[in-house]
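Colleague: Let's see this in three dimensions:
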Amino acid sequence: MMIAALKRSDDYEFLEAGNGREALDVMRARHPSAVVLDLMMPIMSGFDVLQERAGDPDLRSIPVIIVSANRAPEIASAVDKGICAFLPKPFDINVLSALVRSCLTPAPE
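Modeller: Residues are numbered from 1 along each chain as shown. Alright, predicted model coming up:
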């Protein structure tokens, strides 16, 4: 619901996936500008999605924001896989909105 509020407030188009496998399928088919990814998903975890993303040159360039209640040490390995940001749950929609904007803005050279 919070992410749907972001869609309304910032006028983004959102694509949804019910599990990690679907998330990868959507990423490959639609190549979104950014991905908001939960680590705890059925069928294929967010960690598994990040691992496949890291091995796929077409997906590696898609910025990923992890939103998760998981604060386990494995989060460090997610950061090593090139995520743009980590936002712990529960989160403020304004913080997520700012993170999406910052991940969509190219870094200055």
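Colleague: could you pull out the strands for the protein?
Modeller: With strands called from DSSP state E, the chain shows them at 35-37, 64-68, 85-88.
Colleague: what sits up against the longest one?
Modeller: With Cβ atoms under 8 Å, 6 or more residues apart in numbering as the test, strand 64-68 has contacts from 34-40, 46, 50, 53, 75, 78, 82-89, 91, 96, 99-100, 103. Backbone N, C-alpha and C define where each C-beta goes, glycine included.
Colleague: try it again with 7 Å
Modeller: Contact with strand 64-68 is made by 34-40, 46, 50, 78, 83-89, 91, 96, 99-100, 103, as judged by Cβ atoms under 7 Å, 6 or more residues apart in numbering.
Colleague: rewinding a little: need the strands of the chain in CSV with distance to Tyr12, can you?
Modeller: Shown next, in CSV, are the strands of the chain (distance: least, Cβ to Cβ, whole Å):
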stretch, distance to Tyr12
strand 35-37, 10
strand 64-68, 12
strand 85-88, 16
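Colleague: Let me have those strands in a markdown table, extended by mean neighbour count and distance to Gly18.
Modeller: As requested, the strands of the chain are arranged in a markdown table below (neighbours: other Cβ atoms under 10 Å; distance: least, Cβ to Cβ, whole Å):
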| stretch | mean neighbour count | distance to Gly18 |
| --- | --- | --- |
| strand 35-37 | 22 | 13 |
| strand 64-68 | 21 | 16 |
| strand 85-88 | 17 | 21 |
